[in-house]
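Trainee: I'd like to go over a predicted model; first the sequence, then the structure.
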Amino acid sequence: MESRAGLNEIGYGEWEGLSKGQVEQQYSEDYVAWLADPAWHPPSGGELAVKVAQRGLQVVQEIRERFVQGNILVVSHKATIRIILCNLMGIEVGRFRYRLACPVGGVTVVEFAPNGPLLHTLADRTYLSETLRSLPGT
C-alpha cells in the first residue's frame, strides 16, 4: 500500500470545517462563482478543480506505467474521484458535481483499454448492507 498526495481531497481552504450555510453566508461571492465553475473558481483560499485533475491524473499515469497488467485498487475522496473520472471520460472538469454521482463507499471500475478509458462500473455499493447504504450523507 502506498499513500499519494496527488489523491488527496480537494483543498477547500477557508471553507474547511464550515457548513454549506456558513460558506454561503461568509463567502457568498466566492461560493456563487465556485458553484458556477469550480474548474476555474476555487473555494476561498482553496484549490481549483483543474489542479486536482492535474495531480490526480499524474498519479493515475504513474500507476499505469508501473503496473502494465492486472487490477489496481485506488482509494480517494469524493470530489477527487469525480474530478479524475470526468477528466478520464472527457467530461468538463468543472461539472464534476453535476455529472457523476459518488456516494460514500462506492466502487468504480475503469479499464484502460486500447481505445482509452472504459467505465465499467460507477459508484457501486451493492456490497454494503442496506443499513449502511441508507445512512444519511452516504
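Mentor: That came through, no problem.

Trainee: what about the helices in this protein?
Mentor: Ranges of helices in the chain, per DSSP state H, are 20-26, 28-36, 49-66, 78-89, 96-99, 130-133.

Trainee: most packed of those helices?
Mentor: Greatest average neighbour count among the helices of the chain goes to helix 78-89 (a mean of 22), per mean count of other CB atoms under 10 Å. Bear in mind the C-beta positions are built from the backbone N, C-alpha and C, glycine included.

Trainee: picking up where we left off before, now the helices of the chain in TSV, with distance to residue 110?
Mentor: Below are the helices of the chain laid out as TSV (distance: least, CB to CB, whole Å):
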stretch	distance to residue 110
helix 20-26	30
helix 28-36	27
helix 49-66	9
helix 78-89	6
helix 96-99	15
helix 130-133	22
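
Trainee: out of the ones you listed, which comes closest to residue 42?
Mentor: When the helices of the chain are compared by CB to CB, helix 28-36 sits nearest residue 42, at 6.8 Å.

Trainee: tell me what angle that closest one forms with helix 49-66.
Mentor: If you take axes from the mean of the first three to the mean of the last three CA atoms, to 10 degrees, helix 28-36 sits at 40 degrees to helix 49-66.

Trainee: which neighbouring elements make contact with helix 28-36?
Mentor: Using 3 or more CB pairs under 8 Å, 6 or more residues apart in numbering; DSSP states H and E as the contact test, no helix or strand touches helix 28-36.

Trainee: mind saving the C-alpha coords of it as PDB?
Mentor: These are the backbone C-alpha positions of helix 28-36, laid out as PDB (Å, rounded to 0.1, in the frame of the first residue of the first chain):
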ATOM      1  CA  SER A  28     -21.200  34.300  -0.800                       C
ATOM      2  CA  GLU A  29     -19.400  35.800  -3.800                       C
ATOM      3  CA  ASP A  30     -16.700  33.100  -3.900                       C
ATOM      4  CA  TYR A  31     -19.400  30.400  -3.300                       C
ATOM      5  CA  VAL A  32     -21.500  31.500  -6.200                       C
ATOM      6  CA  ALA A  33     -18.500  31.600  -8.500                       C
ATOM      7  CA  TRP A  34     -17.400  28.100  -7.300                       C
ATOM      8  CA  LEU A  35     -20.900  26.700  -7.900                       C
ATOM      9  CA  ALA A  36     -20.900  28.100 -11.400                       C
END
